[in-house]
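[1] All I have is the shape, not the residue letters:
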């Protein structure tokens, strides 16, 4: 399975800054990404076009939107549509990121609607799931992941369920390890990824083995190699360490 190394630039970078970072990445990866890896960048909406332009014609480089609203158009001030993302050059959509869930209050049901709508619109989706510290300490890891994943997939029409390989990726985010400097240890990461793989098998059957599961939580050049080398870890979702091209390139090559 192709490893996915994804960058979430969150609310950082002007167009000029994003363009420079994207060009640096594209130039460094001009001969292709290492180890048969897909490099994916989720920039702010205003930067998608310049990143997509820098990645044009480059193999295994893609760009996505950090969010979308599950409607074709309408009176949804401050939101962005699938067609707007497509027009800007995005081919992926991030759904259910922990900051959308816990800072902006997105419910499991809204994440499910976004996931289904994005897939129906022809986008590839990276669906984020993960537990908060009090949930882990209470032994609720399995319950939280089961609720988030089942809710996200239950709205998918049967016709879409058969097309998920190559179109849906999961990102496990231990919320307590995002931006805190803490990293889930190998045992914790493998436990969570094994739980997700089993849940996927229950929900969609044999094709569950074909869906990549990424780890995201304070990933840095120093720990990337150990994390991506773990069994059942099919890539990394990187936050702050992806903002500088050289730092992100180290992670890509890990």
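    Looks like it arrived, so ask away. The structure displayed is predicted, hence computed values, not measured ones.

[2] Please, where are all the strands along the protein?
    Ranges of strands within the chain are 3-8, 37-42, 61-65, 92-95, 124-129, 168-172, 213-215, 235-238, based on DSSP state E.

[3] For the ones you listed, give me CSV that also has mean pLDDT and distance to residue 188.
    All C-beta atoms are positioned from the backbone trio N, CA, C, and that covers glycine. Below are the strands of the chain laid out as CSV (pLDDT from 0 to 100; distance: least, CB to CB, whole Å):
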stretch, mean pLDDT, distance to residue 188
strand 3-8, 98, 20
strand 37-42, 97, 24
strand 61-65, 98, 27
strand 92-95, 98, 23
strand 124-129, 98, 15
strand 168-172, 98, 10
strand 213-215, 97, 10
strand 235-238, 98, 15
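
[4] can you redo those as CSV with distance to residue 20 and mean neighbour count?
    Below are those laid out as CSV (distance: least, CB to CB, whole Å; neighbours: other CB atoms under 10 Å):
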stretch, distance to residue 20, mean neighbour count
strand 3-8, 14, 25
strand 37-42, 13, 24
strand 61-65, 15, 24
strand 92-95, 22, 26
strand 124-129, 25, 24
strand 168-172, 26, 26
strand 213-215, 26, 26
strand 235-238, 18, 26
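
[5] For the most centrally placed residue in the chain, which non-adjacent residue is closest in space?
    The centre of the chain sits closest to residue 126, judged by CA atoms, centre = their mean, with a distance of 4.0 Å. Excluding the flanking residues, the one nearest residue 126 by CB to CB, 6 or more residues apart in numbering is residue 169, at 4.8 Å.

[6] what sits against the residue nearest to residue 231 when sequence neighbours are not counted?
    Of all residues not flanking residue 231 in the chain, residue 190 sits nearest, at 6.1 Å (CB to CB, 6+ apart). Shown in contact with residue 190 (CB atoms under 8 Å, 6 or more residues apart in numbering): 230-233.

[7] Just put these in a markdown table and tack on neighbour count, pLDDT and distance to residue 83.
    Listed next are those as a markdown table, based on neighbours: other CB atoms under 10 Å; pLDDT from 0 to 100; distance: CB to CB, whole Å:
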| residue | neighbour count | pLDDT | distance to residue 83 |
| --- | --- | --- | --- |
| 230 | 14 | 95 | 38 |
| 231 | 9 | 90 | 40 |
| 232 | 16 | 92 | 36 |
| 233 | 21 | 97 | 34 |
